[in-house]
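Undergrad: Have a look at this fold, sequence not included:
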């Protein structure tokens with residue numbers, strides 16, 4: 001229910017009265033940000049060697065299976081409740097059939113088990129899409145240049161079941177195939193994984209802000225064409241809302257808007273329309289712009305908290321952000 005604010009005329013009303021001291025400002029703060037609102041996306045590599053920084057994402061690194069345990073322990077100390085695992089797989093082992101996506105011993109599943117072994121109470125979220133294992137760099141199976149929907153969904157189901165078996169708490173289907181939420185929910189129920197949650201990338205736009213992420217998972221050099229046949233047109237608000245409605249009707253427990261800040265209007269409308277747990281992803285391009293400007297001295301680090309408050313103000317229950325450890329430390 002909307003409320004019309006009543007404001008007395010000046011000088012009876014001086015809105016600056018409640019801004020004049022830190023204590024007064026804190027008393028009337030409308031939007032709060034805490035570590036509990038954060039999900040930390042981490043990249044885990046199966047390549048040999050030490051942890052390596054991702055050049056297009058300064059300050060973000062790929063972890064080995066061993067070092068991701070320490071990352072999970074750090075997150076727990078900082079009060080971050082969840083980690084989202086993204087695999088960086090061996091380029092030489094990527095295929096058009098993507099069979100490594102449902103290998104119980106692939107890098108993503110090994111990372112799930114490692115995190116759960118180190119910090120059992122940590123919520124582990126995963127990515128459900130074929131691009132980390134796809135020779136074509138696409139989220140789905142490619143046949144004669146076309147990303148085929150139903151065959152891809154069958155593969156995603158196999159991928160989801162091995163992730164659930166490895167100990168995942170939340171599955172994050174990011175592929176944008178039609179019907180995949182219903183198929184995943186049915187498979188989870190039939191295989192006694194009824195307690196595994198689904199956070200659907202329900203409103204995932206065909207955005208230019210994903211470039212550094214594709215570098216991070218090793219998919220950028222592989223991508224043939226673009227993803228406009230399955231991700232939402234950035235111009236289409238109503239289509240995005242239809243996608244959210246469909247995924248909730250098929251059994252999604254939570255929904256996500258991706259990217260984040262350029263789509264805050266969608267975040268607010270999703271939350272107000274559906275009253276479902278709503279998340280947003282502050283994606284790699286957003287991170288790279290903010291972090292790059294900070295390192296150039298053009299912005300202060302205060303803008304990190306400001307950017308995350310924008311998500312909360314827009315109605316998001318939580319944010320996936322590479323800034324999670326930094327902001328959790330500052331909040332502590």
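TA: Yes, it's here. Every value quoted in this text rests on a predicted model; they were computed, and no experiment measured them. Numbering: from 1, shown residues only.
Undergrad: those strands in the stretch 51-200 of the chain, which residues are they?
TA: 52-53, 61-63, 82-88, 123-128, 142-143, 146-147, 170-173, 197-204 (DSSP state E, counting those that start in this stretch).
Undergrad: you'd agree residue 173 is up against residue 198?
TA: Yes - using Cβ atoms under 8 Å, residue 173 makes contact with residue 198 at a distance of 6.8 Å. C-beta here means a position set from N, CA and C on the backbone, and glycine is covered the same way.
Undergrad: Which one's more surrounded, those two?
TA: residue 173 (28 against 22; other Cβ atoms under 10 Å).
Undergrad: Show me what the more buried one is bridged to.
TA: Counting by DSSP bridges, residue 173 forms beta bridges with residue 128.
Undergrad: quick one, what contacts it?
TA: By Cβ atoms under 8 Å, 6 or more residues apart in numbering, the residues touching residue 173 are 128-129, 156, 160, 180-181, 184, 198, 200-201.
Undergrad: Narrow those residues to those that are buried.
TA: Burial by neighbour count, 16 or more other Cβ atoms under 10 Å: within the contacts of residue 173 this picks out 128-129, 156, 160, 180-181, 184, 198, 200-201.
Undergrad: which among the residues you listed gets closest to residue 227?
TA: For the buried ones among the contacts of residue 173, the residue nearest residue 227 by Cβ to Cβ is residue 129; the value is 10.3 Å.
Undergrad: buried set for stretch 100-107?
TA: Neighbour-count burial for stretch 100-107, counted by 16+ other Cβ under 10 Å, picks out 100-103, 106-107.
Undergrad: I'd like to know which of the contacts of residue 173 is nearest to residue 223.
TA: residue 129 (12.7 Å).
Undergrad: Return the residues in contact with the closest one.
TA: Residue 129 touches 139-140, 156, 173-175, counting by Cβ under 8 Å, 6+ apart.
Undergrad: If we only consider those, which is nearest to residue 67?
TA: residue 174 (24.2 Å).
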